[in-house]
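Chemist: Dropping a prediction and its sequence here:
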Amino acid sequence: MTTKKRDYYEVLGVGRNATGEEVKRAYRKLAVKFHPDKNPEDPQAEDKFKELGEAYDVLMDGDKRAAYDRFGHAAFAQGAAARGFHDPFDIFREVFGGAGGGIFETFFGGAGMRCEDRQRGSDLRYDMQISLEEAAFGTDKEIEVRKLDVCDKCAGSGAEAGSRTITCPACSGRGQVISSRGFFQVSQTCPRCRGAGEMIEKPCRQCHGEGRLEKLSRIKLKIPAGIQDGSRLRSSRNGEAGIRGGQHGDLYVVVHVREHKIFQREADDLYCEVPIPFSVAALGGEIEVPTLQGKAQLKVPAGTQSGQMFRLRGKGILNVNGRERGDLLARLIVEVPSRLNPEQRRKLEEFAALCGEENTPMRKSFFDRAKEFFG
């Protein structure tokens, strides 16, 4: 039983007047989508991929396309060998630059990376805790990091003195080896030379040819004023050393700000709770409020209620971009005496007897609204 072949223009999703560039662009998009290596669970992917290659092979060849436009599939009715169709995987490698180490290699696992990129050292992460004061004003820190660093004996070259480099026998200097997977081939980084294409004749005995050893390094960091909790600082070239003189990676420092005993931070503003005596809340007065810059004076108006918030402008944290400083918001908590001596109790009872509803407007308003609940 034979199946009817689809129109090649329909296969690639292009019109009959499509240019070669439009055909190529359509093929690129669909070939990646239906490549068998990208669709291991789809049994039809391989047939679709072959169909794409066949359509591309015809429509990109002037003579084949002219014959197809005139006679359709009948122009190639004598069989694949006679019509000269190319292997669809060869077409894929050609279109995606397989011979030159382009998209084809990276599509199958990164073998097409530049040699210098492959030799680059790893990036590292360091978690640092600082105080709120250090976050607010900035500080200089020195940290210790154990990492792979340049070998002192060979200065990172990985070679003994007087040693020379030779072509890698495993990949013949290409930096890549080709392995077969069923009916197609995959290019991968050479495991022996790690993609360098060269090997050291006499590796350094101290680092075994890597050009790097594990060391304890001290690194100085500048923490900017206003930095937020969870911010990440990048210390360029302070990650691990690359293999045999390759570029260092970067060090990323994640900053964690410890909780403060008094202040809570929201963006560039600070919040704190300040207890005040009952008498100051009733009569008014002046109190001291703590700030990160020292003490500040706050005038408390008579009749201040517990929980009332007061804003001290410019007493917060400097914005990390150096623009403005946030505010300090102080919530005043009225402290009710917990122990009274007989004299204090008598005076307070006299005071309570003198107070009328005009002295407790909030209480009067509450009970007016709650009358329906009390019948």
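Modeler: Now that the structure is in, tell me what you want to look at.

Chemist: all contacts plus neighbour counts: C-alpha atoms, from now on.
Modeler: Noted.

Chemist: From the structure, what's the count of residues near Gln44?
Modeler: Neighbour count for Gln44, taken as other C-alpha atoms under 10 Å: 12.

Chemist: I'd like the numbering to begin with 51 instead of 1 from here.
Modeler: Yes, from this point I'll number from 51; that puts the last item at Gln94.

Chemist: Check it and give its pLDDT.
Modeler: Reported pLDDT at Gln94 in the predicted model: 83.

Chemist: center of the chain, which residue is that?
Modeler: Residue closest to the average C-alpha location in the chain (C-alpha atoms, centre = their mean): Arg282, at 9.8 Å.

Chemist: For the nearest residue to that residue once chain neighbours are set aside, which residues are in contact?
Modeler: Using C-alpha to C-alpha, 6 or more residues apart in numbering and skipping residues adjacent in sequence, the residue nearest Arg282 is Val304, 4.5 Å away. Taking C-alpha atoms under 8 Å, 6 or more residues apart in numbering, we find Val304 in contact with 175-178, 280-283.

Chemist: try it again with 7 Å
Modeler: Counting by C-alpha atoms under 7 Å, 6 or more residues apart in numbering, Val304 touches 176-178, 280-283.

Chemist: Secondary structure element for it, which one?
Modeler: Assigned by DSSP states H and E, Val304 belongs to strand 301-307.

Chemist: Distance from the chain centre to the following helix or strand past that strand, please.
Modeler: Sequence-wise, the next helix or strand downstream of strand 301-307 (DSSP H and E) is strand 314-316. Offset of strand 314-316 from its chain centre (C-alpha atoms, centre = their mean, to the nearest Å): 25 Å.

Chemist: Also stretch 54-72?
Modeler: 41 Å.

Chemist: Now do the buried residues in stretch 198-213.
Modeler: Within stretch 198-213, the residues scored as buried using 16 or more other C-alpha atoms under 10 Å are 198-201, 203-204, 206-210.

Chemist: cool, stretch 70-84 as well?
Modeler: Result for stretch 70-84 [16+ other C-alpha under 10 Å]: buried residues 73-74, 76-78, 80-82, 84.

Chemist: could I get those as a markdown table with pLDDT and secondary structure?
Modeler: Listed next are the buried residues of stretch 70-84 as a markdown table, based on pLDDT from 0 to 100; DSSP: H, G, I helix; E, B strand; the rest coil:
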| residue | pLDDT | secondary structure |
| --- | --- | --- |
| Val73 | 92 | helix |
| Lys74 | 91 | helix |
| Ala76 | 92 | helix |
| Tyr77 | 91 | helix |
| Arg78 | 88 | helix |
| Leu80 | 91 | helix |
| Ala81 | 87 | helix |
| Val82 | 83 | helix |
| Phe84 | 85 | helix |
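
Chemist: what ranges do the strands span in the stretch 301-425 of the chain?
Modeler: 301-307, 314-316, 319-327, 335-341, 344-350, 359-362, 378-385 (DSSP state E, counting those that start in this stretch).

Chemist: Go through these and pick out the most buried.
Modeler: Among the strands of the stretch 301-425 of the chain, strand 378-385 has the highest mean neighbour count (mean count of other C-alpha atoms under 10 Å), at a mean of 20.
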